[in-house]
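Participant: Test case, fold it:
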Amino acid sequence: MDSGISAAARALSRADPLTALKHVALRADPPALALRGIAMAQLGELANARALLRRAAGKFGAAEPVARARCVVAQAEVALALRDLTGAEQGLDAAATLLAHRGDAANAAFARLVQVRRLTLLGAVEPAERALGELSLPDAPPLLVALLNLAAADLAMKRIASAGAEAALRRARAAATQARIAPLLHEVEQAEAQLRAPVARALVGRRERPISLHELPAVLA
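Facilitator: Numbering: from 1, shown residues only. Predicted coordinates for the structure are as follows:
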């Protein structure tokens with residue numbers, strides 16, 4: 001890996017896409033295309049990100065299966081952000097399996113996490129919980145720990161389990177703080193605000209009051 005690719009990858013790991021682009025913006029080799037795609041995704045330019053990642057995957061081809069599988073995973077995450085739930089599934093399981101067999105545990109787990117998030121968006125809570133429960137990474141980096149716990153909090157909120165959601169968000173915040181990635185911490189803060197926000201309203205006669213997730217089980221009972 002050359003110095004430009006290394007510097008761009010480090011910048012993207014800190015969620016600094018502009019710095020990453022300074023190193024690879026004018027390059028068209030497969031690693032640079034992949035990093036440009038991830039940078040575009042971090043900037044919210046999802047259509048451009050998808051196109052770049054597809055080009056990178058095509059250029060890697062069968063000769064570099066691990067790099068190609070990583071592009072497939074990145075494409076799936078972009079598809080998920082675009083709410084293209086069919087596109088998010090394409091090739092993802094095979095990519096996750098290959099990465100796990102080749103010893104890339106972190107990216108394999110990230111691929112499985114994308115699958116969990118896809119199932120959650122589809123409303124398949126039980127399969128999503130089972131898939132999340134199978135993810136066990138004792139030495140996972142803080143970024144992945146935060147993302148895993150954000151997914152767990154989302155599922156807990158769908159179960160109307162506020163205590164479980166709070167515990168998962170506490171773990172997510174600790175991991176995000178350790179990772180020192182501002183957008184990740186912002187994502188945790190958004191989830192915490194969602195947990196505090198009203199999720200229903202109670203109408204008694206002509207009066208109405210908001211109901212939080214904490215109160216909702218008692219109201220339903």
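
Participant: What residues of the helix-or-strand element of the chain with minimal mean pLDDT count as buried?
Facilitator: The helix or strand of the chain with the lowest confidence, counting by mean pLDDT, DSSP states H and E, is helix 216-220 at a mean of 86. For helix 216-220, a neighbour-count test (16 or more other C-beta atoms under 10 Å) marks residue 216 as buried. (Each C-beta comes from the backbone N, C-alpha and C, glycine too.)

Participant: can I assume residue 15 is in contact with residue 182?
Facilitator: Yes: using C-beta atoms under 8 Å, residue 15 is in contact with residue 182, at 6.6 Å.

Participant: Looking only at neighbour counts, state which of the two leads.
Facilitator: residue 15 (18 against 12; other C-beta atoms under 10 Å).

Participant: Name the helix or strand for the more buried one, please.
Facilitator: Under DSSP states H and E, no helix or strand contains residue 15.

Participant: so who does it touch?
Facilitator: 42, 181, 182, 183, 184 (C-beta atoms under 8 Å, 6 or more residues apart in numbering).

Participant: among those residues, who's most crowded?
Facilitator: residue 184 (21 neighbours).

Participant: can you give me the end-to-end distance of stretch 14-27?
Facilitator: 21 Å (C-alpha to C-alpha, to the nearest Å).

Participant: Helices of the protein, start to end?
Facilitator: Listed in chain order, the helices of the chain (DSSP state H) span 3-13, 17-24, 30-42, 46-60, 65-81, 92-101, 105-121, 125-133, 142-158, 162-179, 182-196, 216-220.

Participant: Right, I'll leave it there.
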